[in-house]
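[1] quick one, structure for this:
(one chain, ligands or ions: 1)
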Amino acid sequence: MTENTNPQIQEFYVKGMTCEHCVKRVSKAISDLPGVASVSIDLSSGKVQVESEQGVDREHLTTVIADAGYELV
Ligand SMILES: [Cu+2]
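    The predicted model follows:
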């Protein structure tokens with residue numbers, strides 16, 4: 001049974017991204033989280049939009065972003 005098929009869209013801000021390479025790193029790190037359908041990142045503002053099935057745990061995301069070398073703010 002699928003009860004909730006509406007995707008969750010969450011917005012985060014990540015500090016420290018300076019180029020497309022950073023964007024790719026962060027995007028990949030988030031995409032690897034379970035249930036994540038898509039990630040879109042605006043480099044100039046640091047805004048990260050995550051679309052997922054169940055929502056992404058902020059604490060978990062903080063760790064993943066830190067491991068990639070950036071900071072979730
Ligand atoms: Cu970079």
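
[2] got any ranges where this protein has weak pLDDT?
    1-5 (pLDDT under 70).

[3] the ion contacts on that one?
    Thr18, Cys19, His21, Cys22 (CB under 5 Å from the ion). Every C-beta, even on glycine, is put in place using the N, C-alpha and C of the backbone.

[4] among the residues you listed, which ones are buried?
    Neighbour-count burial (16 or more other CB atoms under 10 Å) applied to those gives Cys22.

[5] which two from the residues of the chain next to the ion end up farthest apart in space?
    Farthest apart among these by CB to CB are Thr18 and His21. That separation is 8.4 Å.

[6] now do the strands in this protein.
    Along the chain, counting by DSSP state E, strands occupy 8-15, 36-42, 47-52, 71-72.

[7] what comes into contact with the second one?
    In this case it means strand 36-42. 7, 14, 17, 23, 26-27, 30-31, 47-53, 56 (CB atoms under 8 Å, 6 or more residues apart in numbering).

[8] kindly report the same for the shortest one.
    When contacts are taken as CB under 8 Å, 6+ apart, the neighbours of strand 71-72 outside the stretch itself are Phe12, Tyr13, Val14, Lys15, Gly16, Arg58, Leu61, Thr62, Ile65, Ala66.

[9] so the fifth one touches Ala66, yeah?
    No: look at Gly16 against Ala66 with CB atoms under 8 Å: they stay out of range, at 10.0 Å.
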